[in-house]
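Chemist: Pasting the sequence and the predicted coordinates here, then a few questions.
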Amino acid sequence: MRLTMYLLRAGAEGDAGDLRAKANARELRMRSHAEKINAFIVEGRIRTPGWMNDLSVIADLGVADEDKLSRSYGAVIFVKAMGRVLAVSFGTGFHAIEPSQIERGFGLRVTANIIEEGKIRGAQTRGVASNSRDQKTLLPVDGTFSDLAVEVDEDWLRQLSGKSSETDVATTISGADSLRITVPNFSLVSLPAKAAEVLKVYQSPAYKHRFPFLDQITPLDRSDPRIEALDRLVSEQLRDRDPRLAFAAPDPFEQGELDRFELALGYAGRFELEDLAPSAVFEILSSLPDGKNALRDVSVSALDADGNLVDRIHPLRSYVQAEVMLGGEDYLLSAGLWFVVRSDFSETVQRQIDRIPDLTDSLKLPRWDATALSEDSSDATAEGAYNKSVAKSEGYALLDKRLLILSAHERLEIADLLTPAGELLCVKAASSSATLSHLVAQAVNSSSAWGDPRYREDLHAAWTQLHGASAPPLDRSGATFVLAIATTKPGPLSESLFFFTKVQIANFLRLLERAEFRVALAKIEMTGVTPKKVRRKRMVAFEESPAA
């Protein structure tokens with residue numbers, strides 16, 4: 001039997017109070033031998049599949065109206081063990097569980113404690129930077145954790161699956177917030193004993209030795225007093241349309257089923273979006289009535305083409321990706337949870353960043369005037385206009401948008417600018433952690449292609465542009481990859497970067513040092529930044545809110 005379990009938060013009673021208020025759930029009468037168990041059947045709405053209505057426009061279906069109707073069913077079983085409550089769901093029953101009652105990371109910890117080394121089959125990760133890269137990796141055969149190629153400093157491990165080392169508990173195991181286990185020859189009569197076994201595994205500290213990075217960033221308890229202040233900071237960012245914010249679905253689901261998102265603003269209406277582009281979300285939030293809290297009072301639904309949910313309905317807070325600092329500590333909001341960065345991890349990363357040479361004073365790169373660059377007609381982007389201007393004023397070789405084609409599917413820029421001293425400048429404005437992730441990726445991809453003859457030929461052409469046709473080639477000992485970042489923040493660049501950008505740069509440093517390249521940073525002073533106006537887009541459709 002396959003069991004899907006959720007651990008409810010301490011204090012849960014395991015009754016109707018732990019279900020959503022709007023769940024159409026009916027409590028079942030338990031048989032006499034089912035002790036410590038409460039069960040509910042969950043009935044979905046009766047509806048006609050949307051595709052039938054579409055098909056009826058061009059064809060006679062020959063189906064009676066009542067036969068077109070369908071209803072989905074699910075179930076939730078609450079079982080008490082070791083002073084806690086586990087919820088076991090079947091079918092669509094998981095939609096009925098009150099999300100605020102779910103203990104986050106429960107399934108992942110259980111899995112990390114007993115997954116068999118060498119018999120791991122897959123993982124789901126999310127980049128901790130605000131670009132929120134979701135990645136699901138499945139191995140064709142049993143393998144080790146290293147086979148998954150998870151970058152443990154940059155990725156939050158959300159889900160892990162494989163075979164269990166404790167076959168009396170389960171044979172196969174998969175864990176995220178929920179825990180999914182396979183138990184052969186199992187009857188639900190034995191559910192209380194199985195729940196106790198699972199909770200005993202959950203309490204084990206074994207994962208700290210096997211997967212120590214799981215605690216590098218740790219979730220805050222929902223009752224943590226810091227959360228109110230952190231939420232307030234994000235609410236201010238939403239109000240100011242801060243470009244550092246991003247939006248992403250909090251739960252992994254089958255993307256092929258997704259057709260659209262719906263944002264509900266109460267009586268202010270419902271809006272549909274094909275994707276969660278920040279500018280479109282900000283435009284919708286402009287319709288939120290005064291006194292309403294965008295994080296709490298706006299809900300987001302992920303829908304398929306028939307209008308059915310492909311994931312739970314979540315408050316907007318669960319979709320927001322944010323990175324803020326409070327009291328000198330770094331925090332990440334992802335999938336509705338606040339994470340604090342472990343101080344020793346933060347200190348280790350900062351030490352790595354501090355040892356990177358800063359060429360700000362020696363390069364003296366021209367100021368990045370955002371207003372002037374936006375009005376510059378020489379290039380469609382501010383970055384492109386800046387690079388052209390610097391190449392002309394400083395006598396650098398312009399490599400921006402000069403794509404090197406290495407294969408039918410591999411194109412890259414060597415850098416944006418090349419200086420006479422052999423500095424390869426990769427230039428970006430620090431508008432968001434996601435943008436700076438692209439900057440780091442540009443440098444990593446460029447350095448990894450160094451040995452390709454076409455790369456060397458293109459680089460030499462730029463080098464001779466600066467030094468003449470007889471100049472010897474620039475070799476790796478003479479080259480320095482420079483991350484040149486424009487920012488309005490005062491102080492050294494090493495202190496003003498997004499924390500998770502620092503993590504990526506630290507990893508980038510290790511990669512390039514192994515390849516015997518030099519790495520440096522350079523700050524570009526940015527001025528003339530003004531808030532961008534966002535106009536309502538045609539893709540945003542307004543619907544009248546249904547009566548409460």
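Modeler: Received the coordinates, thanks.
Chemist: pull the helix or strand with minimum mean pLDDT from this structure.
Modeler: Every helix and strand of the chain was ranked by mean pLDDT, DSSP states H and E. The lowest is strand 541-543, at a mean of 41.
Chemist: what bits of this protein have low per-residue confidence?
Modeler: 65-66, 68, 127-134, 153-154, 251-256, 408, 431-434, 529-548 (pLDDT under 70).
Chemist: Show me what secondary structure element comes after the longest strand seen in it.
Modeler: In the chain, ranked by residue count with DSSP state E as the criterion, the top strand is strand 115-127. Beyond strand 115-127 on the C-terminal side, the first helix or strand identified by DSSP states H and E is strand 134-143.
Chemist: Tell me which residues are up against the helix or strand that that following strand is followed by.
Modeler: Note on strand 134-143: by DSSP H and E, the next helix or strand toward the C-terminus is strand 155-164. Contacts with strand 155-164, where a contact means CB atoms under 8 Å, 6 or more residues apart in numbering, come from 107-108, 111-112, 114-116, 119-128, 133, 135, 142, 150, 170-176, 180-181, 211, 213-214, 217, 252, 334-335, 339. (Glycine included, C-beta is placed from N, CA and C.)
Chemist: How about exporting strand 155-164 as CSV, limited to the C-alpha atoms?
Modeler: Extracted in CSV, the C-alpha atoms of strand 155-164 (Å, rounded to 0.1, in the frame of the first residue of the first chain):
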residue,chain,number,x,y,z
ASP,A,155,19.8,24.9,-3.8
TRP,A,156,17.2,24.2,-1.1
LEU,A,157,16.5,20.5,-1.1
ARG,A,158,12.7,20.2,-1.0
GLN,A,159,12.1,16.6,-1.9
LEU,A,160,14.2,13.3,-1.9
SER,A,161,13.2,9.8,-2.9
GLY,A,162,14.6,6.4,-3.1
LYS,A,163,14.7,3.1,-1.3
SER,A,164,14.5,2.8,2.5
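Chemist: Buried ones in that strand, by neighbour count?
Modeler: 155-164 (16 or more other CB atoms under 10 Å).
Chemist: what about the helices in the stretch 301-450 of the chain?
Modeler: Remark: helices assigned in the stretch 301-450 of the chain by DSSP state H, counting those that start in this stretch are 343-354, 360-363, 370-374, 382-394, 433-448.
Chemist: So Leu403 sits against Leu412, correct?
Modeler: Yes. With contact defined as CB atoms under 8 Å, Leu403 and Leu412 form a contacting pair (7.1 Å).
Chemist: So for the two, which sits in the more crowded spot?
Modeler: Leu412 (17 against 11; other CB atoms under 10 Å).
Chemist: In contact with that one, which residues are there?
Modeler: Leu412 touches 403-404, 406, 442, 445-446, 449, counting by CB under 8 Å, 6+ apart.
Chemist: Count residues in the vicinity of Ala520, would you?
Modeler: For Ala520, using other CB under 10 Å, the count is 19.
Chemist: Can you tell me the element it falls in?
Modeler: strand 518-527.
Chemist: Counting by contacts, list what that strand packs against.
Modeler: helix 360-363, strand 368-369, helix 370-374, strand 423-429, strand 480-487, helix 493-496, helix 499-514 (3 or more CB pairs under 8 Å, 6 or more residues apart in numbering; DSSP states H and E).
Chemist: Looking at the ones you listed, which is nearest to Leu436?
Modeler: When the helices and strands packed on strand 518-527 are compared by CB to CB, helix 499-514 sits nearest Leu436, at 4.4 Å.
Chemist: Check which residues of that closest one are buried.
Modeler: Buried, per 16+ other CB under 10 Å, within helix 499-514: 499-509, 512.
Chemist: what does stretch 278-288 give?
Modeler: When burial is assessed from 16+ other CB under 10 Å, stretch 278-288 yields the following buried residues: 278, 280-285, 288.
Chemist: same question, stretch 264-271
Modeler: 264-265, 268-271.
Chemist: So which of the residues you listed belong to strands?
Modeler: 264, 270-271.
Chemist: With only the CA atoms kept, save stretch 225-244 in CSV.
Modeler: Output of stretch 225-244 as CSV, limited to C-alpha atoms (Å, rounded to 0.1, in the frame of the first residue of the first chain):
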residue,chain,number,x,y,z
PRO,A,225,8.0,36.8,16.6
ARG,A,226,10.4,37.8,13.8
ILE,A,227,7.9,36.8,11.1
GLU,A,228,5.7,39.8,11.7
ALA,A,229,8.6,42.2,11.0
LEU,A,230,9.8,40.2,8.0
ASP,A,231,6.3,40.2,6.5
ARG,A,232,6.1,43.9,7.0
LEU,A,233,9.3,44.4,5.0
VAL,A,234,8.0,42.3,2.1
SER,A,235,4.7,44.2,2.2
GLU,A,236,6.6,47.4,1.8
GLN,A,237,8.5,45.9,-1.2
LEU,A,238,5.1,44.9,-2.8
ARG,A,239,3.8,48.4,-2.3
ASP,A,240,6.9,49.9,-3.8
ARG,A,241,6.9,47.4,-6.7
ASP,A,242,10.4,46.4,-5.7
PRO,A,243,12.1,44.6,-8.7
ARG,A,244,14.0,42.3,-6.3
